[in-house]
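fold the following for me, if possible:
(chains A and B)
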Amino acid sequence: MLRATGLACALPLLENMGADAAVAPARAVWIFLPNGMHMERWRPGASFAKLSPTLEPLAAHSKSLTVITGLAIEAGQAGADGAGDHARAAATFLTCSRAKKTDGADIHAGLSVDQLAAQSLGNATPLASLELGCEPGRLAGGCDSGYSCAYTNTVSWSSPTTPCAKETSPRRLFERLFGDMDAATDVRARALARARKRSVLDWLSEDTRRLAGTVSAADRATLSAWMEALRALEQRLAADDSARVSMPEPELILRGSGSQAEKIELMGLLLARAFEGDQTRIATLMVGNAGSNRAYPEVAWSDGHHDTSHHGKDPKKLDAIARINAWHMQRLATFLDTLAAAKEGDGSVLDNTMVLMGCGISDGDRHNHDDLPVLLAGGRALGVRGGRHMLLARPTPMANLHLAMLRKLGVKAQAFADSTEALQLGA
Amino acid sequence: MIWRRSTLLVMFCATLVAQEASATREAQTNLAALVQRHCVECHGPDEPDAGLDFAAALKAPRSDALHGRMWRVLADKSMPPKQADALPDNERAALLNALGTLLQGAESRQPLSPRRLSREEVRRSVRDIFGVDLPAEMLPEDELSFGFDNVANVRAIGGAVAEQMLSAAEACAALVLPEGIGGPIPERRIEAEEMRCNTECGNATPFVSLYMNSTLTSTVTLKQPGNYEISVRAAGKQAGDEAARMVVRVAGKRVATHEVAAVARAPLEYTCTLELGAGSHEVVIAFTNDFYTAAAGTRPAADRNLLVDAFVLRGPMNAAPHAPAVALLAVDIGVNAKPEVRARAVLHPVLRLLWRGATDEDALSRLGQLVKERVLAGERFEDGLRSALIAAIASPRFWLRRESALSSTKEPQRSAALAARLALFVWNSAPDATLLDDAERGALRTSEGLRSVATRMLQDPRAGALSQCFAPQWLELRNLAASTPDAQLFASFTPQLRASMASEVVCFFEMVRAENMPARELLRARWSCIDASLAAHYGVPAPENAFARTELPERGGLLGMAAMLTVTSNPGRTSPVKRGRWILDHLLDSPPAPPPANAGALDERPEIAASLPLRERLTQHRRDPSCASCHTRMDALGFALEHFDGIGAWRTADGPHAIDSAGVLPDGRRVDGLATLKQVLVADRAFLRGLLRALLTTAIGRQFGSADELFLQRTLDALPADPSIADLVLAVVGSPVFSASSRD
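Prediction:
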């Protein structure tokens, strides 16, 4: 006897709008960057005629770009919890909910916007969502001031107590998305592989059901999450994947040990192909973990990103931060190029995909959770206007943007976390 | 009589419980009175110091964490503070006594959460059970908690993790029983029509006709290395005085030249053998002696062409008996038995190990059914067995620790769970048959029994896991793999040196452990284990044998190790602060609080860095009182190591500044350089407490915090004066908290 998984939705009135089959699918990806931005170099002018130095690499996509100034995440503030702004930056980025300060198993944040969308729309695709990252977790020690590494390494939460592990290996992601396509030419081999997998999954489901009766309540909760995962795997196995696009193993994976730029590019490329083949419509991507201290030889900077972000107004460090930020915008531009090049209907995959990129803190030295650097690209066919700098008059909950994106995806949500109203993306 | 005895027992227990309850009540009353007298003036409802209001806090029914915290500050006399009224010794003793009563058994009251096996635990389990090496990257990433990978793998199992676990199980089962074991040699046929022709080729069904010097190319991907055979079915359209010549090239290398004398109505197979590695290989079939003369008079045109039908790649041919499969199938009762009966015979002994003693009859027979189902679907027994192995490895019976069974009243389950906890702690692996036999005999039922079994386990090479897995996590030295020293400043930091640094830690710890030296030798040693590249790095002669014990009087011990000195440095310079924090955290068991939000950074402007030594810049930083309380502790410790640069090489100057390694600790003791730092740390029993705390954290799977302070102290007091690592491990194993599940 398995207990319910506790995935009950926190929101009233959730339903799938029922997409018209002829209409291209609506998609969204939320991209997280660590350690904040050099805000003066990030912020474009009000007119948007000229992009800021940091945003310059996105010039080719400026028509589909909305830069939003004035968003804030209240739940990221320290309050009584003290140090740990990086953990909070990631934990609240898509949940807009307070994260319980603990390094133990009693973690608690909130349902994240992407997972809410996945739970509402995920049945339409073989994979409900993808959670990706370009940096593996820490190898030893603590992650941030007494916060669990789950908070710094994850932005996606399928329930307030369930962080979604992210995939950080392009090779594993390729295997997961396209691995069995190798056998596609040999129909018999593929059928055999499926039959074997089905036998194993059937056995595991039955096994888990029986095991659950013999363990403690806490273990049973783990088993019920496992059961849920098995069900998703079975569903994927049964899914009609005739729409899947096959792709050869990218040269960059075969060669191995690529640079960080190549790794980010690969993750973007595989995600774009997953979107194109309608394997999923919802994704998150952490380009770096919160508080990442990776060095950036790519922009001739050998100190750690996090250490540098404590710039103390040192012009040299500030300049390095801005160079790192711009480098990330170049990576984003490559990803947008890929989405824009994939034709879909009269337009491109990008037209049907909202790409949000931003940070959970603004300035790395102040760790402020307001005035967040956030941009939205793509989604023209979904009614996102683009080509402008949206200057909000007063601090506005980030949840308002998430709510607006949920609605564009076709999720009929009344509210999300601490939202007050949906941001007007089309007006 | 039996009835009477049990009634007596119940009465006896009831009396005990009643006594305990009355002792608790008395302690609570005493505590309340004493706290009222000595503590609430500062820690009362009005602006309580440290946010601690005893009036409110002590009302909670169980407050182990608070009691433990009070016990610690009263025991080490840091409370009441100097400026407050002194606490008479007898009242301090009364307070400690009351707290001691209340904290009785607190260590067994703390809740435990479910634990998933870590990557290393999975890897070592399948290595010990099946003899296969599963790459770590195949397994889901670990979630660190309290610095360890196996404490609270709190990540739920959903999404990517479940898929990774399943594909890791597939990979593992394929390593044990590769495709094709016990069957015919695998082969694949590639039709000439599927190959790429580099010029123009003709269609002459069933052949592809090469009518000029051209090539056919195809790429094959092999999962296993070995000897392969390439057979090309071909014929020639013969003309001139030579047969058609066919060259086979693999990966650009010519492997065979065949004179193809066969003709189209009777093609032949032209075979060659070669050794191939795993991966992709380009196979090229080339026609090299094209010949053509036009018709002249009565002589017809003469045209020599090569006709290729297909090639077959067979192999690996030399599949030597595959050791893991041979071991697994050693108990196979043969093809005449029913598949489910055969499967049961083969699986029973491995499942006992894989599921750590909790072999479930029902699960076992259902695995037999799974094999039968696959065989009925037309598969071979070995292939069905592989599916059963995948299921067994992917089952939570393997990857979920079932520690709730520790509170089970059913003896076989309880002992099996203890054997599992013991093996995962001491070996980072599954229990072996001997240990499970011990458990079944009841050898683990007493604390003495556990200690004696653990003593034997510590003699086993598998106990090296304490050095390979525990030590680098405890000391945060796994982070060495992610360190990025500035390539220009530290050109000598090669991948080789990085690897040697990591090996030094493991090898040194293992020598101290395996030779039963006192644990404090980790600090005071004047020797280490180095190889030639570390010798060059340390400026000493290369040792005769790599990683043998080498005397290093000026270095030696954990504090002189390049791994630690690198991990605690910034990419471009040393960080006395990070080194100080590391010492407080790992060697003195008193981690400093995290820096306040918006802590000021050091002035690193080049003109300042050049004119002011690092020490001066840190002194400036300490003037801020919110920084001073921690930095006065950290910085003096860290500065003592300033003679070691950002990758641990000895230096006498930092750029233009001379090195000053002197400092004063908050208690007034002076340190200057490594030797005096070692003296200070070795003298402090906090080092042992920290090590014990770390061992308990990974063994039991929870944080050992305030509530456990008294328990830690008592455990430590019961140890010999200068205990070995084994003594500490045995103290963990023999403590009540090891054999009890939490009473939640």
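
packing partners of whichever strand or helix holds B:Ala363?
Here B:Ala363 sits within helix B:361-376, counting by DSSP states H and E. Using 3 or more C-beta pairs under 8 Å, 6 or more residues apart in numbering or on different chains; DSSP states H and E, the elements in contact with helix B:361-376 are helix A:187-212, helix B:339-354, helix B:381-394. Where C-beta positions appear, they are placed from N, C-alpha and C, glycine not excepted.

tell me the angle of the longest one relative to helix B:361-376?
It refers to helix A:187-212. Here helix A:187-212 runs at an angle of 170 degrees relative to helix B:361-376 (axes from the mean of the first three to the mean of the last three C-alpha atoms, to 10 degrees).

and helix A:187-212, what does it pack against?
Using 3+ C-beta pairs under 8 Å, 6+ apart, the elements in contact with helix A:187-212 are helix A:217-238, helix B:361-376, helix B:381-394, helix B:396-399.

tell me the angle it makes with helix B:381-394.
With the same axes, to 10 degrees defining the directions, helix A:187-212 sits at 40 degrees from helix B:381-394.

and the angle for helix A:187-212 with helix A:217-238?
Helix A:187-212 and helix A:217-238 meet at an angle of 160 degrees, taking the same axes, to 10 degrees as the criterion.

may I see the buried residues of helix A:187-212?
Residues of helix A:187-212 classed as buried by neighbour count (16 or more other C-beta atoms under 10 Å in any protein chain shown): A:192, A:195-197, A:199-201, A:203-205, A:207-208, A:211-212.

do the second one as well
Going by neighbour count (16+ other C-beta under 10 Å), the buried part of helix B:339-354 is B:Pro339, B:Glu340, B:Arg342, B:Ala343, B:Arg344, B:Val346, B:Leu347, B:Val350, B:Leu351, B:Arg352, B:Leu353, B:Leu354.

now name the helix or strand holding B:Val671.
According to DSSP H and E, B:Val671 maps onto strand B:670-672.

how about A:Met354?
Using DSSP H and E, A:Met354 falls in strand A:353-359.

shouldn't A:Leu58 be within a helix?
Yes: membership of A:Leu58 in a helix is supported by DSSP: H, G, I helix; E, B strand; the rest coil.

and it, how far is that from B:Glu544?
From A:Leu58 over to B:Glu544 the distance is 60 Å, taken as C-beta to C-beta, to the nearest Å.

neighbour count winner among these two?
For A:Leu58 versus B:Glu544, neighbours defined as other C-beta atoms under 10 Å in any protein chain shown are more numerous around A:Leu58 (22 against 7).

wait, that one touches A:Thr334, no?
No: counting by C-beta atoms under 8 Å, A:Leu58 sits too far from A:Thr334 to count as a contact (10.6 Å).

so where's chain B shaky on pLDDT?
Along chain B, the model assigns pLDDT under 70 to residues B:1-14, B:16, B:154-156, B:182, B:318-320, B:596-610, B:741-744.

centroid-nearest residue for it?
B:Glu120 (3.6 Å; C-alpha atoms, centre = their mean).

that one sits in which helix or strand?
Short version, using DSSP H and E: B:Glu120 is in helix B:119-130.

quick one: the following helix or strand past that helix near chain A?
Remark: after helix B:119-130, the chain's next helix or strand is helix B:159-176, criterion DSSP H and E. Yes: with C-beta under 8 Å from any C-beta of the partner chain as the measure, helix B:159-176 is seen reaching chain A through B:Gly159, B:Ala160, B:Val161, B:Ala162, B:Glu163, B:Gln164, B:Leu166, B:Ser167.

neighbouring strands - and their directions - for the next helix or strand after helix B:159-176?
Going down the chain from helix B:159-176, the next helix or strand is strand B:187-191, by DSSP H and E. Applying DSSP bridges, strand B:187-191 is found paired with strand B:302-314 (antiparallel).

export the partner strand to PDB, keeping only CA atoms.
C-alpha atoms of strand B:302-314 as PDB (Å, rounded to 0.1, in the frame of the first residue of the first chain):
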ATOM      1  CA  ALA B 302      38.200  -6.500 -71.500                       C
ATOM      2  CA  ASP B 303      36.900  -5.000 -68.200                       C
ATOM      3  CA  ARG B 304      38.000  -6.000 -64.700                       C
ATOM      4  CA  ASN B 305      35.600  -5.000 -61.900                       C
ATOM      5  CA  LEU B 306      35.200  -5.800 -58.200                       C
ATOM      6  CA  LEU B 307      31.800  -7.000 -57.100                       C
ATOM      7  CA  VAL B 308      31.000  -6.700 -53.400                       C
ATOM      8  CA  ASP B 309      27.900  -8.200 -51.800                       C
ATOM      9  CA  ALA B 310      28.400  -7.500 -48.100                       C
ATOM     10  CA  PHE B 311      30.800  -7.800 -45.200                       C
ATOM     11  CA  VAL B 312      30.300  -9.600 -41.900                       C
ATOM     12  CA  LEU B 313      32.000  -8.400 -38.800                       C
ATOM     13  CA  ARG B 314      32.300 -11.300 -36.300                       C
END
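
which single residue of the stretch 251-400 of chain B ends up nearest chain A?
For the stretch 251-400 of chain B, the residue closest to chain A is B:Ala391, as judged by C-beta to the nearest C-beta, at 4.5 Å.

list the contacts of that residue.
Going by C-beta atoms under 8 Å, 6 or more residues apart in numbering or on different chains, B:Ala391 touches A:Val200, A:Trp203, A:Leu204, A:Asp207, B:Ala169, B:Leu367, B:Leu370.

repeat for B:Leu406
Contact analysis of B:Leu406 by C-beta under 8 Å, 6+ apart lists B:Arg414, B:Ala417, B:Leu418, B:Arg421, B:Ser739, B:Ala740, B:Ser741.

hmm, try it at 7 Å
B:Leu406 is in contact with B:Arg414, B:Ala417, B:Leu418, B:Ser739, B:Ala740, B:Ser741, counting by C-beta atoms under 7 Å, 6 or more residues apart in numbering or on different chains.

before we move on, back to that, export the buried residues of helix A:187-212 to JSON lines and tack on pLDDT?
Formatted as JSON lines, these follow (pLDDT from 0 to 100):
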{"residue": "A:Leu192", "pLDDT": "87"}
{"residue": "A:Ala195", "pLDDT": "92"}
{"residue": "A:Arg196", "pLDDT": "94"}
{"residue": "A:Lys197", "pLDDT": "94"}
{"residue": "A:Ser199", "pLDDT": "96"}
{"residue": "A:Val200", "pLDDT": "97"}
{"residue": "A:Leu201", "pLDDT": "97"}
{"residue": "A:Trp203", "pLDDT": "98"}
{"residue": "A:Leu204", "pLDDT": "98"}
{"residue": "A:Ser205", "pLDDT": "97"}
{"residue": "A:Asp207", "pLDDT": "96"}
{"residue": "A:Thr208", "pLDDT": "96"}
{"residue": "A:Leu211", "pLDDT": "94"}
{"residue": "A:Ala212", "pLDDT": "93"}
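
out of these, who's nearest A:His328?
Nearest to A:His328 among those, counting by C-beta to C-beta, is A:Lys197 at 38.2 Å.

would you check that B:Leu99 makes contact with B:Arg69?
No: counting by C-beta atoms under 7 Å, B:Leu99 sits too far from B:Arg69 to count as a contact (9.8 Å).

of these two, which one has the most company?
B:Leu99 (25 against 19).

any idea how far that one lies from chain A?
For B:Leu99, the distance to chain A (C-beta to the nearest C-beta, to the nearest Å) stands at 24 Å.

can you confirm that residue is in a strand?
No: counting by three-state DSSP, one finds B:Leu99 to be helix, located in no strand.

gap between it and B:Glu107?
14 Å.

ok, B:Ala519 - contacts?
B:Leu688, B:Leu691, B:Pro723, B:Ser724, B:Ile725, B:Leu728.

turn these into CSV, including neighbour count.
Shown next, in CSV, are the contacts of B:Ala519 (neighbours: other C-beta atoms under 10 Å in any protein chain shown):
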residue, neighbour count
B:Leu688, 21
B:Leu691, 23
B:Pro723, 20
B:Ser724, 20
B:Ile725, 26
B:Leu728, 20
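
near chain A, from the residues you listed?
Filtering those for proximity to chain A by C-beta under 7 Å from any C-beta of the partner chain leaves nothing.
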